[in-house]
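# Kindly generate the corresponding structure for this input.
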Amino acid sequence: MPKTINPTPFKTVTVALVVFTVLSTTNVVFGNPTWKPIDVLVRIAIPKVSGIGYDYVITVVPSDPCYHYSPGTLSTGHSWAGYTTSQGKELAHIRSGGLSYGFLRTIAGTIHTVTASDVDSFWEYVIYGSYTKISGASLSKNCHGHSTGVGYWLNDFQKLVDDDWTKYSSVGDLDSGAVYGGDGHSIRMDEVDITGTEYEITTSEKYSDSGVYSRKIDPTGGIGGSAVELDLKAVKWKVVNGAREWYSESVDPAIDHFYKKK
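Residues are numbered from 1 along each chain as shown. Here you go, the predicted structure:
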């Protein structure tokens with residue numbers, strides 16, 4: 001049966017162009033690619049100075065270094081094979097497959113072993129507390145690596161979808177496997193069930209070094225033929241009492257398209 005909800009562009013929530021900057025103060029540079037870490041976001045409990053209870057610290061720490069590739073000439077021993085669009089365009093990316101948690105960092109004056117559980121705690125505190133957890137934190141890929149299925153830390157989302165995916169703006173075209181987002185963040189639609197004016201969409205997403213989380217989206221304003229709302233959160237921070245406080249929010253204005261692989 002044809003999907004009939006709102007044949008005009010659907011209402012969505014835009015993607016905030018929030019990209020976590022990798023640390024570069026102590027990098028060893030080998031030309032292209034460069035050798036530098038990825039930021040890891042953690043929420044950990046630090047024992048109070050009084051010895052009674054804990055203070056929770058939300059902070060950013062560098063992981064161990066890995067290769068960061070930018071389009072252009074590569075140094076000897078490196079190749080673009082497997083990291084281009086179908087049109088041969090080079091994709092900026094990070095080869096982080098060898099990274100894992102367990103590195104020591106000094107946080108709030110305390111030496112701490114950063115674990116995947118620390119990262120899970122951050123993301124579930126800031127954004128994913130009401131989502132279904134599919135898998136735990138990983139440095140192997142980012143949101144774009146998950147949503148597009150390339151399986152690595154992709155920094156050129158728009159370049160990839162422009163060459164290898166097709167843009168759609170009608171709900172009638174929405175199917176499982178579609179991707180919604182932009183260079184800042186993207187999610188994948190794992191299941192799409194649309195019948196008449198009713199719908200249920202199951203999305204999954206990964207944000208930077210987070211795990212993979214899923215949620216179901218139902219109509220929020222009734223089913224009287226209105227739009228599909230894809231609520232995509234952006235993670236932000238503000239300074240409170242001299243410290244960064246992290247939070248997430250849906251942001252406007254809306255964008256009106258998604259992508260399906262060619």
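
# Just the pLDDT for Pro7.
Pro7 carries a pLDDT value of 39.

# residues touching Val161, list them.
148, 167, 179, 259 (Cβ atoms under 8 Å, 6 or more residues apart in numbering). Using the backbone N, CA and C atoms, a C-beta is placed for each residue, glycine as well.

# pLDDT added to the residues you listed, as a markdown table?
Converted to a markdown table, these look like this (pLDDT from 0 to 100):
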| residue | pLDDT |
| --- | --- |
| Thr148 | 98 |
| Lys167 | 96 |
| Val179 | 95 |
| Tyr259 | 96 |
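
# Check those and tell me the two furthest apart.
Thr148 and Lys167 (13.9 Å; Cβ to Cβ).

# Just want to know which of the two has more residues nearby.
Thr148 (22 against 12; other Cβ atoms under 10 Å).

# okay, stretch 36-56 in CSV with CA atoms only?
Presented in CSV, the C-alpha positions along stretch 36-56 are these (Å, rounded to 0.1, in the frame of the first residue of the first chain):
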residue,chain,number,x,y,z
LYS,A,36,46.8,12.7,17.0
PRO,A,37,44.2,11.6,19.5
ILE,A,38,40.3,11.7,19.6
ASP,A,39,38.4,13.4,22.3
VAL,A,40,36.7,11.0,24.7
LEU,A,41,33.8,12.3,26.9
VAL,A,42,33.4,10.8,30.3
ARG,A,43,31.4,11.2,33.5
ILE,A,44,33.1,9.7,36.5
ALA,A,45,32.8,9.7,40.3
ILE,A,46,35.7,11.3,42.1
PRO,A,47,35.9,10.7,45.9
LYS,A,48,35.3,13.9,47.9
VAL,A,49,38.2,15.5,49.7
SER,A,50,36.3,14.9,52.9
GLY,A,51,36.3,11.2,52.2
ILE,A,52,32.5,11.1,52.3
GLY,A,53,30.7,10.5,49.0
TYR,A,54,31.7,11.5,45.5
ASP,A,55,31.7,14.4,43.1
TYR,A,56,30.7,13.6,39.5
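
# so how far is it from its chain's centroid?
Remark: stretch 36-56 is offset 23 Å from the chain centroid, using Cα atoms, centre = their mean, to the nearest Å.

# What residues of the helix or strand Arg105 falls within count as buried?
According to DSSP states H and E, Arg105 maps onto strand 104-107. Going by neighbour count (16 or more other Cβ atoms under 10 Å), the buried part of strand 104-107 is 105, 107.

# which stretches of the stretch 101-250 of the chain form strands?
104-107, 110-113, 132-135, 153-154, 165-168, 179-181, 186-195, 198-206, 212-217, 233-240, 243-250 (DSSP state E, counting those that start in this stretch).

# avg pLDDT for the lengthiest helix in the chain?
Longest helix of the chain, by residue count under DSSP state H: helix 116-126. Regarding helix 116-126, the rounded mean pLDDT is 97.

# And it, what's buried?
Quick answer for helix 116-126 (16+ other Cβ under 10 Å): 116, 118-124, 126.

# For that helix, which helices and strands make contact with it?
On a contact count with 3 or more Cβ pairs under 8 Å, 6 or more residues apart in numbering; DSSP states H and E, helix 116-126 meets strand 39-47, strand 54-62, strand 243-250.

# Can you pull out the low-pLDDT segments for the stretch 151-262 of the chain?
For the stretch 151-262 of the chain, residues meeting the criterion pLDDT under 70 lie at 196-197, 219-228, 251-255.

# mind running it again at 50?
221-225 (pLDDT under 50).
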